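> next one to model:
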Amino acid sequence: MEIRVGTDILKHERIKAQVQNPNDLFVAYTFSESERKQAAHSSNPLAYYAGRFCVKEAVIKALSGQAASVEPRQIETVSGQNGAPEVHLLDGLKGWTISASISHEDEYSIASVVAYRE
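Numbers count the residues shown, from 1 in each chain. A predicted model of the protein is given here:
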């Protein structure tokens, strides 16, 4: 079994202007339709987007060197039935299972991921 880890932290201010505009190219390019829908129903869309962006960056770090190229839009993080993040890898990133944890504190979000495959 191969196990890899990744972590990312983000100050909300870095993406605030982009996520406040739902037609922004950054939002459309980076987040899946499911992520955008969940963000729209979130009590704090900025923190939602920041946490999901951290997961994307943490997955990219964890899979560094393991895939030819990993784009943020290939990584989808949605809230499961119990509210825990569920990470789905899209477009050719199959074979890896990702577990993620997201936390928010004031103007910061952080995510840690464990990526593993047999």
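> how distant is the longest helix along the chain from the center of its chain?
Looking across the chain with DSSP state H, the single longest helix is helix 45-62. Computed by Cα atoms, centre = their mean, to the nearest Å, the chain-centroid distance of helix 45-62 equals 3 Å.
> now do that helix, average pLDDT.
Helix 45-62 shows a mean pLDDT of 96.
> do the same with stretch 110-118
95.
> now it: buried residues?
When neighbours are counted by 16 or more other Cβ atoms under 10 Å, the buried residues of stretch 110-118 are found to be 110-113, 115. The way it works is simple: take the backbone N, C-alpha and C, and place the C-beta from them, glycine included.
> need the strands for this structure, in chain order.
2-11, 75-79, 85-89, 97-105, 108-117 (DSSP state E).
> tabulate those (a markdown table), appending distance to Ala62.
Shown next, in a markdown table, are these (distance: least, Cβ to Cβ, whole Å):
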| stretch | distance to Ala62 |
| --- | --- |
| strand 2-11 | 3 |
| strand 75-79 | 10 |
| strand 85-89 | 11 |
| strand 97-105 | 8 |
| strand 108-117 | 4 |
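> out of these, nearest to Glu33?
Proximity to Glu33 (Cβ to Cβ) singles out strand 75-79 among the strands of the chain, at 9.2 Å.
> residue contacts, Val59?
Neighbour list for Val59: 6, 70, 75, 87, 89, 98, 100, 113, 115 [criterion: Cβ atoms under 8 Å, 6 or more residues apart in numbering].
> tell me which two in those are the farthest apart.
Top of the distance list for the contacts of Val59 (Cβ to Cβ): Val70 and Ala100, 14.9 Å.
> for the protein, which spans come out with low pLDDT?
Within the chain, the segments meeting pLDDT under 70 span 22, 66-68.
> circling back to that earlier point, tell me the angle the longest helix of the chain makes with strand 97-105.
Compare the direction of helix 45-62 with that of strand 97-105 by axes from the mean of the first three to the mean of the last three Cα atoms, to 10 degrees and you get 140 degrees.
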